[in-house]
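Using only what follows, build the 3D model:
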Amino acid sequence: MSSQSDIPKRSFLSGARTPPHIITLVLLAGTSVMTMNIFLPVLPQIGIALQTTPAVAQYVLTLFLGATAIAQLFVGPMSDRFGRRPVLLVSGVIFMIATLICYVAPTIEILLAGRVLQASSAAAIALSRAIIRDLFDRSRAASMIGYVTMAMAVLPMITPMLGGYVGALYGWRAPFLVLLAVSAAMLLIIYFDLGETHEPVRNPVSQQMADYVSLLKEPAIWGYLLCATFASGAFFAFLGGAPFIASNVLGMTPDRLGLYLGVVAIGYMAGNFISGRFSERIGIEWMMVLGGLICTIGASLILLLMTLLTPSPAFLFFPMCLVGLGNGMTLPNANAGAVSVRPSLAGSASGLGGFLQIGGGAALAALAGGLITVSNAGVPLYFIMTGTSLAGAFVAVLMLWYSRHAPVAAVE
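You can find the predicted model right below:
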């Protein structure tokens, strides 16, 4: 871990010179999640207000996810080359401008353009993990990522409820105004508390590309990242289909949907607590396996209850807590494993992981949103969630075997 005594002290004008406090990393990652889900309860109202179809309104989520996935392919390598701090500051300014565009958007096209620019928040998603790996070794990083995302999970509990509440009172634009205030505060926090944690590597672009290609040739990184991608796939598919099902199948109001989405985050927070508490003791591969099994059980329960019995919010959202619990156990460990395969390229590995997880999530959210109808009562969504959860558990088992036969060197 970097020694803070070796780094010059910060001043008010120059900004941070020391590594960030853990709460800064929590807020950094949490803001990205907030950007994703605060407007979900008002998604049906966006389509009505901007005179578009529910399928096009769904792009407010899926297009953002796709753009975020692509952005992470560039954010990670840029942070390895130029440092974490400057990339985060620039992305923070872009995010503020994009949020303002979303708030004033008079048409769905301009709103979608703003959402694409909001993908600059990808820096916060990718680099919060990379910064943790800069500061901690492999096994400790898994626990720290678990603790950070456990605390971060409070925001997904609060923000859908907040979005539903302010949306019900002031209309669909209100959640974006909340985001604008949060983005301004986050930029100040980055400036004054997030000092550089990575020594920039000024290699030629050709060398950086060669390093990236060599990273792609590591079998272990694909195992960790595919496990995380499949595990999170169930959650992203749920995000893509839940607003439609809640509104058109279950007859839920936006504020009630926000409340239930907050309940789902309780399971995720519990899973991250378990990761933070036991990852060092049990090992990251075993935690991935256990998380994958729990996630599969939760998705399977949703499939059975929502298809064999009369659909109910309890049958959808309460088993979803198990999916969140499984993800909370799987994702911190899989991500810690990925950024530890080549620690010098932690930013690139984290960006690649973000591309796969969020890009795959965007595809699954779009697929779920396109397949579900009132007549099929959302059944395709439940099959997608069960299938991706099962695939994640299978890859986790493969990585447990791989770790026993071809251990990954833990580079301090």
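
Buried residues in stretch 276-293, which are they?
By neighbour count on 16 or more other C-beta atoms under 10 Å, the buried set for stretch 276-293 is 276, 278-280, 282-293. All C-beta atoms are positioned from the backbone trio N, CA, C, and that covers glycine.

One more: stretch 97-116?
Within stretch 97-116, the residues scored as buried using 16+ other C-beta under 10 Å are 98-103, 105, 108, 111-116.

circling back to that earlier point, keep only those of the buried residues of stretch 276-293 that are in helices.
Among the buried residues of stretch 276-293, the residues falling in helices (DSSP state H) are 276, 278-280, 282, 284-293.

show me where pLDDT drops low in the chain?
Residues of the chain meeting the criterion pLDDT under 70: 1-16, 122-123, 125, 138-139, 149-157, 203-206, 208, 407-412.

what's the helix or strand for L215?
Taking DSSP states H and E as the definition, L215 sits inside helix 205-216.

So which elements touch that helix?
With contacts defined as 3 or more C-beta pairs under 8 Å, 6 or more residues apart in numbering; DSSP states H and E, the secondary structure elements packing on helix 205-216 are helix 59-82, helix 346-371.

Including distance to T24 and mean neighbour count, could those helices go into TSV?
Shown next, in TSV, are the helices and strands packed on helix 205-216 (distance: least, C-beta to C-beta, whole Å; neighbours: other C-beta atoms under 10 Å):
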stretch	distance to T24	mean neighbour count
helix 59-82	16	23
helix 346-371	17	25
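
closest to P20 out of the ones you listed?
Closest approach to P20 among the helices and strands packed on helix 205-216 (C-beta to C-beta): helix 59-82, 13.9 Å.

Beyond the closest one, next helix or strand please.
helix 84-104.

which residues touch the following helix or strand past that next one?
The first helix or strand that comes after helix 84-104 along the chain, using DSSP H and E, is helix 108-117. Residues from elsewhere that reach helix 108-117 (C-beta atoms under 8 Å, 6 or more residues apart in numbering): 46, 50-52, 56-57, 59-60, 63-64, 67, 94-95, 97-102, 105.

Give me the distance from helix 108-117 to the chain's centre.
20 Å (C-alpha atoms, centre = their mean, to the nearest Å).

quick one, it and helix 59-82 angle?
Counting by axes from the mean of the first three to the mean of the last three C-alpha atoms, to 10 degrees, helix 108-117 lies at 30 degrees to helix 59-82.

Against L257, how distant is the nearest residue to M36 once chain neighbours are set aside?
Closest residue to M36 apart from its sequence neighbours, by C-beta to C-beta, 6 or more residues apart in numbering: F64 at 7.0 Å. Separation of F64 from L257 (C-beta to C-beta, to the nearest Å): 19 Å.

Also S275?
Going from S275 to L257 by C-beta to C-beta gives 28 Å.

Who has more neighbours out of the two?
Neighbours per residue, other C-beta atoms under 10 Å: of S275 and L257, the larger number sits with S275, 30 against 27.

before we move on, the earlier item: nearest to A242, of the helices and strands packed on helix 205-216?
Closest approach to A242 among the helices and strands packed on helix 205-216 (C-beta to C-beta): helix 346-371, 8.9 Å.

next structured bit after that closest one?
Using DSSP H and E, the helix or strand that follows helix 346-371 in sequence is helix 379-405.

Which elements pack onto that next one?
Looks like helix 379-405 contacts helix 219-244, helix 284-308, helix 313-339, helix 346-371 (3+ C-beta pairs under 8 Å, 6+ apart).

wait, which of those is closest to V90?
Ranking these by proximity to V90 (C-beta to C-beta) places helix 346-371 first, at 14.6 Å.

So for D211, which of the helices and strands packed on helix 379-405 sits nearest?
Using C-beta to C-beta, the helices and strands packed on helix 379-405 put helix 346-371 closest to D211, at 7.5 Å.

and the angle from the closest one to helix 59-82?
Here helix 346-371 runs at an angle of 170 degrees relative to helix 59-82 (the same axes, to 10 degrees).

any idea of the angle helix 346-371 forms with helix 313-339?
150 degrees.

where's helix 346-371 relative to the chain centroid, distance-wise?
The chain centre lies 9 Å from the centre of helix 346-371; the measure is C-alpha atoms, centre = their mean.

just the angle between it and helix 84-104, please?
Using the same axes, to 10 degrees: helix 346-371 against helix 84-104 is 20 degrees.
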